[in-house]
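Trainee: turn this into a structure:
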Amino acid sequence: MVDISRGSALGTSGASELFQLLRDGAPRTRASLAQSTGLARSTIAARVDELMRIGLVSPVADAVSTGGRPPSQFALNPAARIVLAADLGASHANLAVTDLVGTVLAEHSQRLDIAQGPETVLGWMVEHGTALIESLGRDPRELVAIGIGVPGPVEHSTGRPVNPPIMPGWDRFDVPGWVQQHFAVPVLVDNDVNIMALGEQATSWPQTEHLMFVKVATGIGSGIISGGLLQRGAQGIAGDIGHIRVARGSEVPCHCGNRGCLEALASGPAIARELREQGIDAASGNDVVELVKRGDIDAIQAVRQAGRDIGEVLTACVSFVNPSVIAIGGSMARAGEHLIAGVREVVYTRSMPLATEHLVIVQSAAAENAAVLGAAMLAIHHALSPEGIDALAAVAAP
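Mentor: Numbering: from 1, shown residues only. Below you'll find the model as predicted:
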């Protein structure tokens, strides 16, 4: 029996708590809700009516009757509201408008330099986000939350980037406050790798409670989901594996000021640098990927070694976090199985057998869409929380 009897901002209705049972989209009858919660049918009826008034719950096809009048069923109405999701990368920006289960209704992408500064980049987001909503014929008042991912550390409680190395002008900028001058809804901001973990879980591993998403691109980082919840740590930098020291490269300088960091050995620019030292024309991680796709043996071996270096760090992570899935994404994942093979080689060899008995290490299925889908889930989780439902009910009050 589920205890949802405590009060809420809806007074004694408790509709926001009841809604948490309906978030999974499975149709339920008033009788089944009463059985699950232990509440009286009259109480359930009042709370369902409140959720139907807001529009978050709607009737669905009737359940099979056991005699007499068929029992009415209710379920989440995904189309009731919309969210805006933004993946703001170092040199790209992806926008999407989704429904309340993360289905993309409209999207827009273009090249955009994050170094242009917050007002320029966020102004672009507001302009094109408004256009997307209008293109769907939706009322801007149907927007319930905005999720934003950025390529740098974020103080999650305030949504402010903190000392982001590739985001000049963004340090401590009040992203939610600025956006809310244009959209009067909650604005959630997080590091791009964290929202990639959310996007990967939602699209490919919805039943998995212990997952790591590893992004290998210009930098290296990871998002950690443990016990079904995203883990940010005390200061929001949980999963920052890119600056863990790797013995093989103990003398290799890193832009952070230390030496031997994983990022200085296994990121796209690091692999390209190693190939250039061998006389191979590779200016960037993208060049490395193209060389691998053409079957260049030196590039393949360099990528495989990068995978081993990443695997060395992940072996320690497996012992600490014990994930059941490690998904590898980011631009360097386009090198295919060569990178992942190196990761698997070390993790499966060096980890304790119990830790890897059911561990799968795979290429990200969400791929380049992981971040924008994760930003949508960030917004949806907030909008459909008990507090979010209370706020919607207050706005929709007659």
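Trainee: what ranges do the helices span in the stretch 51-200 of the chain?
Mentor: 118-135, 175-179, 192-204 (DSSP state H, counting those that start in this stretch).
Trainee: now distance to Ser267, mean neighbour count and mean pLDDT too, for the ones you listed, in TSV please.
Mentor: From N, CA and C alone the C-beta is placed, and that goes for glycine too. Output for these, formatted as TSV (distance: least, CB to CB, whole Å; neighbours: other CB atoms under 10 Å; pLDDT from 0 to 100):
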stretch	distance to Ser267	mean neighbour count	mean pLDDT
helix 118-135	23	17	97
helix 175-179	26	19	98
helix 192-204	13	27	95
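Trainee: out of those, which gets nearest to Val395?
Mentor: helix 118-135 (17.3 Å; CB to CB).
Trainee: restrict that closest one to CA atoms and write it as CSV.
Mentor: C-alpha atoms of helix 118-135 as CSV (Å, rounded to 0.1, in the frame of the first residue of the first chain):
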residue,chain,number,x,y,z
PRO,A,118,25.2,34.0,-22.2
GLU,A,119,23.0,36.8,-23.5
THR,A,120,23.7,36.0,-27.1
VAL,A,121,23.3,32.3,-26.8
LEU,A,122,20.3,32.4,-24.5
GLY,A,123,18.7,35.1,-26.7
TRP,A,124,19.0,32.6,-29.6
MET,A,125,17.4,29.9,-27.4
VAL,A,126,14.5,32.2,-26.5
GLU,A,127,14.0,33.3,-30.1
HIS,A,128,14.0,29.9,-31.7
GLY,A,129,12.2,28.2,-28.7
THR,A,130,9.4,30.7,-29.2
ALA,A,131,9.3,29.9,-32.9
LEU,A,132,9.1,26.2,-32.3
ILE,A,133,6.2,26.5,-29.9
GLU,A,134,4.4,28.8,-32.4
SER,A,135,5.1,26.3,-35.2
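Trainee: please renumber the chain so that the first residue is 26 from this point on.
Mentor: Taking 26 as the first residue, the last one we looked at is helix 143-160.
Trainee: what's it packed up against?
Mentor: Counting contacts by 3 or more CB pairs under 8 Å, 6 or more residues apart in numbering; DSSP states H and E, helix 143-160 is packed against strand 107-113, strand 117-123, strand 129-136, strand 168-175, helix 200-204.
Trainee: any chance of these in TSV, plus distance to Val187?
Mentor: Formatted as TSV, those follow (distance: least, CB to CB, whole Å):
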stretch	distance to Val187
strand 107-113	16
strand 117-123	21
strand 129-136	26
strand 168-175	11
helix 200-204	12
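Trainee: ranking the ones you listed by burial, who's on top?
Mentor: strand 107-113 (a mean of 29; mean count of other CB atoms under 10 Å).
Trainee: what pairs with it, and is each one parallel or antiparallel?
Mentor: Looking at strand 107-113 with DSSP bridges, its partner strands are strand 117-123 (antiparallel), strand 168-175 (parallel).
Trainee: spit out the contact partners of Leu236.
Mentor: 222, 225-226, 230, 249-250, 348-352 (CB atoms under 8 Å, 6 or more residues apart in numbering).
Trainee: sorry, back to before: quick check: which of the helices and strands packed on helix 143-160 is nearest to Arg359?
Mentor: That would be strand 117-123 among these, by CB to CB, at 14.5 Å.
Trainee: quick check: angle from the closest one to helix 143-160?
Mentor: Between the axes of strand 117-123 and helix 143-160, defined by axes from the mean of the first three to the mean of the last three CA atoms, to 10 degrees, the angle is 40 degrees.
Trainee: can you pull the contacts of Cys342?
Mentor: Contact analysis of Cys342 by CB under 8 Å, 6+ apart lists 237, 247, 266, 348.
Trainee: was I right to think His181 contacts Arg257?
Mentor: Yes: using CB atoms under 8 Å, His181 is in contact with Arg257, at 5.5 Å.
Trainee: how many neighbouring residues does Val241 have?
Mentor: 31 (other CB atoms under 10 Å).
Trainee: that one contacts Ile353, doesn't it?
Mentor: Yes: counting by CB under 8 Å, Val241 sits close enough to Ile353 to count as a contact (6.5 Å).
Trainee: list the residues that contact both of these two?
Mentor: Contacts common to Val241 and Ile353, judged by CB under 8 Å, 6+ apart, are Leu364.
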